[in-house]
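> coordinates only, sequence not included:
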Ligand SMILES: Nc1nc2c(ncn2[C@@H]2O[C@H](COP(=O)(O)OP(=O)(O)OP(=O)(O)O)[C@@H](O)[C@H]2O)c(=O)[nH]1
Ligand SMILES: [Zn+2]
């Protein structure tokens, strides 16, 4: 019989980070509520708090987050978290109002599903941003275009996204009607951890419901072992699905700013542009004003679309800004938006 820890991916984690810890001293964070944690342990799902030392000696980022594996000391019916174990992936965003601080969403994720509705939620630029962030975090990504049942331009929109993001798998679903969900269930691997991200109203909870089937338990996830009727107000929670996989739901995530360190991630996302860049005359071409730039040529000929190029420049600028290295900082000096405007103007002149 698989233990509850195995169900929550302990063996999968051990394949990534070998260790000789025993199951009774470890746990996995299911949800976070300020300084209180819901922890999956060998004895069940219990509540926990960090030691004072961990709380006061850590940056926000280093504190336990949903999906984290932690070392614990059982204490009566709850536990004390003594340390956070090494993460194999982490997903974060830029903190509002701050320049480079990262706010973590979740840790130890194998694959991310970006859920976007084909209604007014549909926004290719936002998808590109999200894919870029996930590329940067080294997390495999699948785009789920939801609400296929009520959209009129399903084929056009799907083609547009597949064209702009050819390296990212796109799946069409209707979470509400349970269409396309079986295909998702099939590709999920037991013990692997998945996350759903997307705007409020995209259909994440509906999809989670579909994936959970009859076992949906969102409103009563707090273990009775804790004995408190505490209602969960967290917006990030790890669920064990009937298919043996784990899913983190991130309800209410509206803004998804970039917290990228790698400019390369932007290039990876815009593979259409990346393919052109190898044809530029200069290896360090910024594709903004250099002679014999293949990207600029493609823009002129209409082979490359302006909005995609603009999106690329914007994201690259953000990534460069975030990047800590001096070399990258030098490159960000150019007024890219003005440049794009000038180029558009030039193009208009040519046309008329
Ligand atoms: N027509 C249609 N409606 C859907 C579909 N999926 C979700 N909806 C509806 O869209 C609305 C929002 O869905 P939710 O699942 O609550 O969205 P969410 O992404 O969880 O939103 P937050 O919890 O605010 O982050 C609900 O009224 C759903 O019934 C779908 O495939 N088709
Ligand atoms: Zn170039």
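It's in. Remember, predicted model here, so these are calculated numbers, not experimental data. Ligands and ions are numbered 1, 2, ... in the order given.

> CA atoms for contacts and neighbours, from now on please.
OK.

> Next one: the closest residue in space to residue 175 that isn't next to it in sequence, what pLDDT does it get?
Nearest residue to residue 175 in three dimensions, chain neighbours excluded: residue 207, at 4.8 Å (Cα to Cα, 6 or more residues apart in numbering). On the pLDDT scale, residue 207 is placed at 94.

> Provide the backbone phi and psi angles at residue 207.
Taking degrees, to the nearest 10, you get phi -70, psi -40 for the backbone angles of residue 207.

> neighbours around it, how many?
22 (other Cα atoms under 10 Å).

> Next: residue 78.
20.

> now it, which residues is it bridged with?
residue 75 (DSSP bridges).

> per-residue confidence for it?
Reported pLDDT for residue 78: 95.

> That one contacts residue 48, doesn't it?
Yes - between residue 78 and residue 48 a contact is recorded at 5.5 Å, counting by Cα atoms under 8 Å.

> and the residue nearest to residue 175, how far is that from ligand 2?
Distance check for residue 207 against ligand 2: by Cα to the ion, to the nearest Å, it reads 42 Å.

> go on, residue 316?
Counting by Cα to the ion - residue 316 and ligand 2 are separated by 14 Å.

> That residue - how many residues pack around it?
If you count neighbours by other Cα under 10 Å, residue 316 ends up with 21.

> so it touches residue 268, yeah?
No - taking contacts as Cα under 8 Å, residue 316 lies outside contact range of residue 268: 11.1 Å.

> Look at the residue of the stretch 101-250 of the chain at minimum distance from ligand 2 and say how many residues are nearby.
Using Cα to the ion, residue 164 is the residue of the stretch 101-250 of the chain that sits closest to ligand 2, at 18.6 Å. Look at residue 164: counted by other Cα under 10 Å, it has 20 neighbours.

> do the same with the one 5 residues further on
As a burial measure, residue 169 scores 14 neighbours (other Cα under 10 Å).

> Please give me every residue in contact with it.
Listed by Cα atoms under 8 Å, 6 or more residues apart in numbering, the contact set of residue 169 reads 141, 142, 143, 162.

> so how far is residue 113 from residue 143?
Distance, residue 143 to residue 113, using Cα to Cα, to the nearest Å: 6 Å.
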